[in-house]
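# Build me a model from this:
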Amino acid sequence: VISDLGVSESPFVTCCYAVLDVERRSLTWAQAGHFSPLLVHSNGTTTYLPEHPGPPLALGSAKAYPSSSAQLDPGDRVLLFTDGLVERRREHLDLGLERLALFAAARIDLPIAPFLEALIASVVDRFDDLAVLCVGLVAVDDS
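Residues are numbered from 1 along each chain as shown. Purely as a prediction, here's the structure:
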């Protein structure tokens, strides 16, 4: 849609589009210049899911973006976020990503709403947009 707008100076827009299949407990995503989802395992370990990013939206002529998939376990959380959550002035981006992973791992036992509140409250000196989406996979008792 963005590339079809015909704007001479296209806006810089990144995106991570993800589909969660709760029956199969899988996540499939594609990236357009955006961060990988962060998988917070129920045991407190974290993994940034593999990157296969295409170019940001409206830059270049990409009409298709490669997708990736991962299996999830009950108790896992998937965190999608914008750069305002991890970027700080005069700090390498890798430090912000590491800080996020450590923060999320240390608070895996919190329910999702307080987890997100604590995460957002931890951001200091924000200078960019901040959006966060967190989905938790819960076990369902079929009996």
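# buried set for whichever helix in the chain runs longest?
Counting by DSSP state H, the longest helix found in the chain is helix 93-106. Residues of helix 93-106 classed as buried by neighbour count (16 or more other C-beta atoms under 10 Å): 96, 97, 100, 101, 103, 104. Just so you know, the C-beta spots here come from the backbone N, C-alpha and C atoms, and that holds for glycine as well.
# Same list, those, but as TSV with pLDDT please.
Shown next, in TSV, are the buried residues of helix 93-106 (pLDDT from 0 to 100):
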residue	pLDDT
96	93
97	96
100	96
101	97
103	96
104	96
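# residue ranges for the strands of the protein, please.
15-21, 26-32, 38-40, 46-48, 67-71, 77-81, 132-136 (DSSP state E).
# can you list the ones you listed in CSV and add mean pLDDT?
Shown next, in CSV, are those (pLDDT from 0 to 100):
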stretch, mean pLDDT
strand 15-21, 94
strand 26-32, 94
strand 38-40, 97
strand 46-48, 96
strand 67-71, 95
strand 77-81, 96
strand 132-136, 95
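# Can you lay out these as CSV showing distance to residue 113?
Listed next are these as CSV, based on distance: least, C-beta to C-beta, whole Å:
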stretch, distance to residue 113
strand 15-21, 18
strand 26-32, 21
strand 38-40, 15
strand 46-48, 20
strand 67-71, 24
strand 77-81, 12
strand 132-136, 9
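# which of those strands is buried the deepest?
Of all the strands of the chain, strand 38-40 has the most neighbours on average by mean count of other C-beta atoms under 10 Å, namely a mean of 23.
# in its sheet, what does it sit against?
Applying DSSP bridges to the sheet, strand 38-40 is found paired with strand 46-48 (antiparallel), strand 77-81 (antiparallel).
# Of all those strands, which one comes closest to residue 117?
Residue 117 lies closest to strand 77-81 among these, at 14.0 Å (C-beta to C-beta).
# What lies in contact with that closest one?
For strand 77-81, contacts defined as C-beta atoms under 8 Å, 6 or more residues apart in numbering pick out 16, 18, 20, 27, 35, 37-40, 72, 100, 104, 108, 112, 115, 130-137.
# at 10 Å instead, please
Under the criterion C-beta atoms under 10 Å, 6 or more residues apart in numbering, residues 16-18, 20, 27, 29, 34-42, 46, 48-49, 70, 72, 85, 97, 100-101, 104, 107-108, 112, 115-116, 119, 130-137 lie in contact with strand 77-81.
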